[in-house]
Structure formats: structure tokens, C-alpha cells
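S.K.: sequence first, then the predicted structure, then my questions.
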Amino acid sequence: MRAYGFTEVGGPEKQAFLEVPVPEPGPDEVRVRVRAAGVNPGDWRVRDGSYGTSGPAALGREVAGTVVALGPGVSGFAIGDEVFGGCPGMVGGWADEAVVTASFAAHRPDGVSPEVAASLPVAAGTAFDALNRLALPDGATLLVNGAGGGVGVPAVQLAVARGLRVVGVASPAKHDLVAGFGGIPVAYGDGVLERVRAAAPGGVDAIFDMVGGDALRTVATLLADPSRLTSIADRPLAAELGGFSLERDRSTAVLTELARLVLAGELDPHVTEIRPLSDAAAALALVEGGHATGKVVLVP
């Protein structure tokens, strides 16, 4: 079976097309014929060893597809169902067929395309979980640091849908995007604190960070309560600053709700690149280089 992944830990030179066995689903797993697979920054971090995974392995953390086999004891799904979900071990999705975790999978509604569904489990799911954990009341102000990225875009939309005021720190090229989804865009760099204070004169109630480093350390000074800070880019610094580490809720319920929000027009994962699996190397390079302007998705 054809798959695209990496032969061993390292840089892009370790990526390759692989010939791998058709995976057999185990307990809490289903096998799908892949119709679409998302591309995420976590994919190149798997390849470079950041998550402790060694090759050879197919890349790909999230897919949409047609169920072709059920693991032992799996219920709630049947052969032929259209589903979407996350891949066990954060690998395996960039292939003709892939295993999906049944407890982190959901039926794909007719009104949600495979390309959109395949872009929901990782980035939109992370944003959804962060907002649930922050549990801000209606009218509160959320600062999204990195609002123009893969997680930032759904975070802005989901927060606005919950009645929050959203200030989005992003590069100027993405300000129209942030504003279009209901956020108040401000630019990175020198003077960011003054720009945020001007956009949110009542103060900032929470920060969701996708940048880390000095940019996080700077905006963190805006918070009166540092426990209302989380970062998916720099967990050690977030902890140092008094924030919390986000734990994902990888469940069918979350995916079902995300699909409902798409159908309701409250969430657009902003898929801007749909490329064939044969173009996987270029698709990952686009994401790894930070040049993607939205979600990148691979199709057979």
C-alpha cells in the first residue's frame, strides 16, 4: 500500500514514499479508505523526533474516509460509513488506507466535505478544548496570540461564537482574515502591548498562545490572573508564567460538535490548499516553512 512518511528521524531529506502493509485495526480502531488527510505542524515535528516517534512511518494525524474494517469490539460504526477522526500515535494518515481511533472519530455529515472534516480533529479540536478549559463568560476578552495560524483561525471563530471579544495578534498580511472572522487584529512586534490595550481598553481576561518565546512573555504581562493563560507553542514558558498545560479531549463528542458548528456556519477551518498525496512533500514544506495561509489538505 502507498503511504508518505519518513524513513528515520531527521529533516525533510528523510521523507519518502513508502510501501507499507495495509494496517489491521485493533481494539478501539477502524480502518478507512482515506478520502482526505490534514497537514499540520505536528507532522514535521513527528518526523524530526520531537514526539519520540521513530521511522519508518507514514505521516498524518487526521483523516476523513470510508470505513472498510472494524477492530475487535468496536461499535457505533459500520462498513461503508463516512467518518473523520484522529490517527493513533499521531501517524498513518497520509496513505491509501489508514487506521483511525474509534473513540476519536465521528460520522461525517453530508453537508461537511471530506476536506473540511479532515481538517477538524487537530487544529479546530485544540482550539475547542482550550476554550472549554478557559470557560470564559459571555462578553469576556480573549487574546489569541498567533490568530492567523491553523489553530488561531478556529480559535477566533469559536470564541466569537461564544460571545467573547477577541483580540488577535497576527502578521499584517493576516489582519483581514482575523477581522473577517470577527476578531480585532493587532500586529506583532514593538508596541504590541499598547496596541492590545487600545483594542481592549477594559483589559484582557485570558490568553491563548500559539507563538511562545519572547512574544508570549510580553503579552503575558497583560493578564491580572496568570492562570488564565495557556500555550500550545511553549508549554514550559506558560508553566513558568503561571499558566496551564492544555489537555486534549480526543472524543467523538468533540468531533460531532465541531461538525455541527461547521454546518451552523460558526466554524470554517479555512482550507486553502488541497493537494494530491503525490504532492505531500511540497504540502508539508509549505506548512513547515510557515507559508501556508490556511489549512492544507491532501487527497488521493
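M.R.: Alright, I've got the coordinates. Source: prediction; values computed, not measured.
S.K.: and stretch 169-189, what's its mean pLDDT?
M.R.: If you average the pLDDT over stretch 169-189, you get 96.
S.K.: what does that stretch contact?
M.R.: Contacting residues not belonging to stretch 169-189 are listed as 143-149, 152-153, 156-157, 160, 165-168, 192, 195-196, 199-200, 211, 215, 219, 268, 270, 293 [C-beta atoms under 8 Å, 6 or more residues apart in numbering]. Bear in mind the C-beta positions are built from the backbone N, C-alpha and C, glycine included.
S.K.: wouldn't G5 be in contact with E19 here?
M.R.: No: using C-beta atoms under 8 Å, G5 is not in contact with E19, being 11.0 Å away.
S.K.: report the longest strand in this structure, please.
M.R.: In the chain, taking DSSP state E as the definition, the longest strand is strand 29-39.
S.K.: just for this structure, where's the confidence low?
M.R.: Across the chain, nothing is flagged by pLDDT under 70.
S.K.: how does it divide up, domain by domain?
M.R.: 2-119+269-299, 123-240 (automatic domain parsing).
S.K.: if we can go back for a sec, show me which of G5 and E19 is the more surrounded one.
M.R.: G5 (25 against 7; other C-beta atoms under 10 Å).
S.K.: surely G10 meets V46?
M.R.: No: between G10 and V46 there is no contact under C-beta under 8 Å: 11.6 Å.
S.K.: more neighbours: these two, which one.
M.R.: Counted by other C-beta under 10 Å, G10 and V46 do not tie: V46 has more neighbours, with 25 against 13.
S.K.: mind listing what that one touches?
M.R.: For V46, the contact set (C-beta under 8 Å, 6+ apart) comprises F6, T53, A57, L59, R61, M90, V91.
S.K.: for the second one, grab the count of nearby residues.
M.R.: Okay, so that is T53. 17.
S.K.: what's near enough to touch it?
M.R.: With C-beta under 8 Å, 6+ apart, T53 has these contacts: V9, V46, G89, M90, V91.
S.K.: go ahead and build a PyMOL selection from the buried members of those.
M.R.: Those of the contacts of T53 that count as buried under 16 or more other C-beta atoms under 10 Å are selected in PyMOL with:
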select buried, resi 46+90+91
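S.K.: in helices, which of the contacts of T53 fall?
M.R.: V46 (DSSP state H).
S.K.: of all the contacts of T53, which comes closest to V34?
M.R.: Nearest to V34 among the contacts of T53 is V91, at 13.3 Å by C-beta to C-beta.
S.K.: skipping adjacent residues, who's closest to T101 in space?
M.R.: Once flanking residues are discounted, T101 sits nearest to P88: 5.0 Å by C-beta to C-beta, 6 or more residues apart in numbering.
S.K.: ignore what I typed, I meant P72.
M.R.: Nearest non-adjacent residue to P72 (C-beta to C-beta, 6+ apart): P27, at 5.3 Å.
S.K.: equivalent analysis for P226, please.
M.R.: G242 (3.1 Å).
S.K.: using PDB, write down the CA coordinates of the longest strand of the chain.
M.R.: The C-alpha trace of strand 29-39 is given here as PDB (Å, rounded to 0.1, in the frame of the first residue of the first chain):
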ATOM      1  CA  GLU A  29      -9.800   1.300  15.900                       C
ATOM      2  CA  VAL A  30     -11.400   1.400  12.500                       C
ATOM      3  CA  ARG A  31      -9.600   1.300   9.100                       C
ATOM      4  CA  VAL A  32     -10.800   3.700   6.500                       C
ATOM      5  CA  ARG A  33     -10.100   4.300   2.800                       C
ATOM      6  CA  VAL A  34      -8.700   7.800   3.000                       C
ATOM      7  CA  ARG A  35     -10.600  10.500   1.200                       C
ATOM      8  CA  ALA A  36      -8.700  13.400   2.700                       C
ATOM      9  CA  ALA A  37      -6.000  14.000   5.300                       C
ATOM     10  CA  GLY A  38      -4.900  17.100   7.100                       C
ATOM     11  CA  VAL A  39      -1.400  18.600   7.200                       C
END
